[in-house]
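Novice: coords please:
(2 chains)
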There are 2 protein chains.
Amino acid sequence: MDLELVTIGTELLLGFTVDTNGAEIARTLAAEGVRVLRRTAVADRADHIRDAVQAGLGRTGAVLTTGGLGPTRDDISKRVVAELLGLPLEFDETVWADVLARYARFQRIPAASNRGQAEVPVGGTVLRNRWGTAPGLWLERPYAASPRNGVGLVIMLPGVPFEMRMLLQHEVVPRLAGRSDGVVIRSLSLRTTGIPESTLAERMGEIEREIAPLTLAYLPGIEGVDLRLSAWELDPDEAERRLRIAADLIRSRADDLVYGEDETDLAALVLDRARATGLRLGTAESCTGGLVGGRLTEVPGSSDVFMGAVVCYHNDLKTSLLGVPPEVIAAEGAVSEAVAGAMATGALTRLAVDAAVAVTGIAGPGGGTESKPVGTIWLALALGGAVHTRKSVFGGGRHEIRARAAQAALSLLYKHLPH
Amino acid sequence: MDLELVTIGTELLLGFTVDTNGAEIARTLAAEGVRVLRRTAVADRADHIRDAVQAGLGRTGAVLTTGGLGPTRDDISKRVVAELLGLPLEFDETVWADVLARYARFQRIPAASNRGQAEVPVGGTVLRNRWGTAPGLWLERPYAASPRNGVGLVIMLPGVPFEMRMLLQHEVVPRLAGRSDGVVIRSLSLRTTGIPESTLAERMGEIEREIAPLTLAYLPGIEGVDLRLSAWELDPDEAERRLRIAADLIRSRADDLVYGEDETDLAALVLDRARATGLRLGTAESCTGGLVGGRLTEVPGSSDVFMGAVVCYHNDLKTSLLGVPPEVIAAEGAVSEAVAGAMATGALTRLAVDAAVAVTGIAGPGGGTESKPVGTIWLALALGGAVHTRKSVFGGGRHEIRARAAQAALSLLYKHLPH
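Specialist: The predicted structure is shown next:
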């Protein structure tokens, strides 16, 4: 089954909102065998919304929209789509009761504008929103121009990412099951970090030819380069079998560079390794300002392994909280192998942990010198009586340098934790 | 001047990459008076890329593409567009020298696949990429179907966000200057936090009617709701004047709720207030795991104000690093007003700062109880001998709850710092 995505919101065209929904919807639908053929972003204008939905219905017969279902007056999607499908709107008491209950739970009073959220197209199915006030809609109606046997399907979801995600998983995916006639798109990604895209490609050699008809894409991101394999239009078992063979081929050429598959988070792998051997972890952070701790604690259940962190942004705190000798800071500079090492060993004791990773560096834009340019990062890991250090020079702006430093700190932990 | 955006990459349709570039390009171009009329995402397939670029050129005469310029074999955009415009490719020694120099700087050897990056369409202008290896391209050629007097413009930028941003600012914007015939889109956003969208709308009353022809959009995000005013197709001075009048009107109805304008980061405002009165800041974090410190240190120059943080994820560290009495943790629970308060006062002393904010809460998915459901957050601020506390219950998943808790901590600091 093919489908087009229409994201609605003037803010998307003016650039005030990043469309994270589109990626999530595409990924979720692909796993169900529903292929997103095109993504179009249009403004909150009735004529533009109508054009995009109409064109999508004409090409594939199925459109999923996000956005434009909120209580404020720029939210007009529901009205436009209902009109396009010839469905009048009516006030739905059940939906209104949901809105009232939700407000009561958060001890708030609904505004008059919220009543509009309880209006639904007659004959449509309301996708109950237990995570917000704008319900989703499943509208499936005769539509002459549709290539799907004259039936048009419009699925409407709110634009708020958390609500969209919950409705997609709990209401849309179950209704799509069984519509994909057994032919699916399956993907598998192998994740790497710290290696440039061209070096990876060199290692891969003629792999595109060897794995055909599967495809391979190199996806560089802040945390590293993912190698994504995709199997198109095969039955699920055959797709999975071929993906495994291709993944094994990649691993045979670059096993040392691959740390995980698909959505695998390096922070979660670090926690798993530590948990398996009963080690407690801590961090000592300067230029990352708490980001390494932030990454580790983003993983649910991290509290049995991650004890805490000391963020010693100011040099005085490197000394008072971690015991870094001020004369070492004076002699070597705060961004140095010696200071990183002393931060790590200090954290080991002060946080009472078994492994501590330390980060100190120059995130920019100021503070760079000839010998220590912006992007210079020193990492140290104290573990089992030893201290392992590593220096990197990262490109990018302040944001990228800090995010790469945090990823590199996790990578250092991951490599050295016993397994 | 109107333009269409075509983002290229199968990963965008499979959802393995979030398109952050689109938003940034749209925002930057809007400020230059160039309106993005449509955004389309297509796969790394020659026929799909050709269709989208061709259609865009036919509608507006100008297309900006991102993606598909990298060294790996799935990167075919340049070839397709060159062919569409009838331009052969040739190897460019200057571009190749740039690639070699860049590799030398990072002490790496270019792969054979990098040579393709030095191939450029004859007659096109190379947009020199000093931040990566894939140059951008500015291709302006006679193109019969273009509504821009038979001239077609295709601007091609790499997909890597940092490189795209730098090329856009330094190479594209200067070349677009003067093409917008004085008519621009200007926007102004007023930022709020901690207030639901419908409450804001209630306060605004009949404002849409009063500010016409300007438009108002409510943009809810994790950090709060932005109120975005837009002025379309006016001359820049008139647009700015009307935006200021409308912004004043909004502020007259909700001044207590607005903390800043446009891209203003609450963390930067907190740092500014502290800097103005010579106060040093620190944080004590449990459920946020370092995110508040991460937010503050993301701001360049934060080191003169932000001293550091203690992340006491484990209760033992709340006691050993911050002096929270274990009997208080036992009696009240780690997520309580008393523990938040003790964390804040402990941080004040241990970090030797003038103001310390503490966060403790239940980020989920586990750990919630009837009286303290997932999303419960206690904040405390120790400042000038007083301790201010606040309780919130946030919706969303673990990620949203933690991000909202960090924003609320910054908001508490901002409200109480002297100004």
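
Novice: who's in contact with A:L412?
Specialist: Counting by C-beta atoms under 8 Å, 6 or more residues apart in numbering or on different chains, A:L412 touches A:V357, A:L379, A:L381, A:H388, A:R390. All C-beta spots, glycine's among them, are computed from the backbone N, C-alpha and C.

Novice: Considering these, which possesses the most neighbours?
Specialist: A:V357 (32 neighbours; other C-beta atoms under 10 Å in any protein chain shown).

Novice: Just list what the one helix or strand it maps to packs against, helices and strands only.
Specialist: Taking DSSP states H and E as the definition, A:V357 sits inside strand A:355-361. When contacts are defined as 3 or more C-beta pairs under 8 Å, 6 or more residues apart in numbering or on different chains; DSSP states H and E, strand A:355-361 packs onto strand A:281-285, helix A:337-350, strand A:376-383, helix A:398-416.

Novice: Can you tell me which of the ones you listed is most buried?
Specialist: By mean neighbour count, with neighbours taken as mean count of other C-beta atoms under 10 Å in any protein chain shown, strand A:281-285 ranks first of the helices and strands packed on strand A:355-361 at a mean of 32.

Novice: pLDDT of that one, averaged?
Specialist: For strand A:281-285, mean pLDDT rounds to 98.

Novice: Please name the strands paired to it in the sheet, noting orientation.
Specialist: Here strand A:281-285 has these sheet partners by DSSP bridges: strand A:306-312 (parallel), strand A:355-361 (parallel).

Novice: which parts of the helix or strand that comes right after the first one are buried?
Specialist: Per DSSP H and E, the first helix or strand lying C-terminal to strand A:306-312 is helix A:315-322. The neighbour-count check on helix A:315-322 (16 or more other C-beta atoms under 10 Å in any protein chain shown) flags A:N315, A:L317, A:K318, A:T319, A:S320, A:L321, A:L322 as buried.

Novice: same question, stretch A:204-216
Specialist: Applying 16+ other C-beta under 10 Å to stretch A:204-216 flags A:M204, A:I207, A:I211, A:L214, A:T215, A:L216 as buried.

Novice: What about chain B: which of the residues you listed touch it?
Specialist: Among the buried residues of stretch A:204-216, the residues within reach of chain B (C-beta under 8 Å from any C-beta of the partner chain) are A:T215, A:L216.

Novice: Dump the buried residues of stretch A:204-216 to a markdown table, plus secondary structure.
Specialist: As requested, the buried residues of stretch A:204-216 are arranged in a markdown table below (DSSP: H, G, I helix; E, B strand; the rest coil):
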| residue | secondary structure |
| --- | --- |
| A:M204 | helix |
| A:I207 | helix |
| A:I211 | helix |
| A:L214 | coil |
| A:T215 | strand |
| A:L216 | strand |
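
Novice: Quick one, which of the buried residues of stretch A:204-216 has the minimum pLDDT?
Specialist: Within the buried residues of stretch A:204-216, pLDDT reaches its minimum at A:T215, with 84.

Novice: quick one: that one and B:E11 touch, right?
Specialist: No - contact criterion C-beta atoms under 8 Å: A:T215 and B:E11 do not qualify, at 10.7 Å.

Novice: which one in chain A is furthest away from the centre?
Specialist: A:E327 (42.9 Å; C-alpha atoms, centre = their mean).

Novice: Ramachandran angles for that one?
Specialist: A:E327 has phi and psi values of phi -70, psi -30 when expressed as degrees, to the nearest 10.

Novice: Quick check: which ranges of the stretch 51-200 of chain A have low pLDDT?
Specialist: Scanning the stretch 51-200 of chain A with the threshold set as pLDDT under 70 gives A:73-74, A:106-107, A:178, A:180-184.

Novice: How far does the lengthiest strand in chain A sit from its chain's centre?
Specialist: Ranked by number of residues, the top strand in chain A under DSSP state E is strand A:224-234. Computed by C-alpha atoms, centre = their mean, to the nearest Å, the separation of strand A:224-234 from the middle of its chain amounts to 17 Å.

Novice: try stretch A:62-82
Specialist: Centroid separation for stretch A:62-82 versus its chain: 25 Å, with C-alpha atoms, centre = their mean.

Novice: Please save the CA atoms from it in PDB.
Specialist: Extracted C-alpha coordinates of stretch A:62-82, given in PDB (Å, rounded to 0.1, in the frame of the first residue of the first chain):
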ATOM      1  CA  ALA A  62      -4.500   7.500   0.700                       C
ATOM      2  CA  VAL A  63      -3.200  10.600   2.600                       C
ATOM      3  CA  LEU A  64      -2.100  11.000   6.100                       C
ATOM      4  CA  THR A  65      -2.100  14.600   7.400                       C
ATOM      5  CA  THR A  66      -0.600  16.000  10.500                       C
ATOM      6  CA  GLY A  67      -1.300  19.400  12.100                       C
ATOM      7  CA  GLY A  68      -4.100  21.800  12.000                       C
ATOM      8  CA  LEU A  69      -6.400  20.000  14.600                       C
ATOM      9  CA  GLY A  70      -5.600  22.300  17.600                       C
ATOM     10  CA  PRO A  71      -8.100  24.600  19.300                       C
ATOM     11  CA  THR A  72      -6.700  27.900  17.900                       C
ATOM     12  CA  ARG A  73      -8.100  29.600  14.800                       C
ATOM     13  CA  ASP A  74      -5.300  28.800  12.500                       C
ATOM     14  CA  ASP A  75      -6.300  25.200  12.700                       C
ATOM     15  CA  ILE A  76      -8.600  24.500   9.700                       C
ATOM     16  CA  SER A  77      -7.500  21.100   8.400                       C
ATOM     17  CA  LYS A  78     -10.500  19.200   9.700                       C
ATOM     18  CA  ARG A  79     -13.000  21.500   8.000                       C
ATOM     19  CA  VAL A  80     -11.200  21.500   4.700                       C
ATOM     20  CA  VAL A  81     -10.800  17.700   4.500                       C
ATOM     21  CA  ALA A  82     -14.400  17.100   5.600                       C
END
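
Novice: and the residue lying closest to A:P71 once chain neighbours are set aside, which of the three is it?
Specialist: Closest residue to A:P71 apart from its sequence neighbours, by C-beta to C-beta, 6 or more residues apart in numbering or on different chains: A:S113 at 4.3 Å. For A:S113, the assignment made with three-state DSSP gives helix.

Novice: Could you report the neighbour count for A:S113?
Specialist: Neighbour count for A:S113, taken as other C-beta under 10 Å: 18.

Novice: wait, what's in contact with it?
Specialist: Counted by C-beta under 8 Å, 6+ apart, A:S113 has contacts A:P71, A:T72, A:R73, B:S198, B:A201, B:E202.

Novice: go with 7 Å
Specialist: Under the criterion of C-beta atoms under 7 Å, 6 or more residues apart in numbering or on different chains, the neighbours of A:S113 are A:P71, A:T72, B:S198, B:A201.

Novice: roughly how far apart are it and A:E119?
Specialist: Counting by C-beta to C-beta, to the nearest Å, the gap from A:S113 to A:E119 is 12 Å.

Novice: related to what we said a few turns ago, just give me how far the strand holding A:V357 sits from the chain centre.
Specialist: 25 Å.

Novice: contact partners of that strand?
Specialist: With contact meaning C-beta under 7 Å, 6+ apart, strand A:355-361 is reached by A:274, A:279, A:281-288, A:292, A:334-335, A:339-340, A:343-344, A:347-348, A:376-383, A:405, A:409, A:412-413, A:417.

Novice: I'd like to know which elements the helix or strand A:V292 falls within is packed against.
Specialist: Assigning secondary structure by DSSP H and E places A:V292 in helix A:291-297. Judged by 3 or more C-beta pairs under 7 Å, 6 or more residues apart in numbering or on different chains; DSSP states H and E, helix A:291-297 is in contact with helix A:266-276, strand A:281-285, strand A:306-312, helix A:398-416, helix B:291-297.
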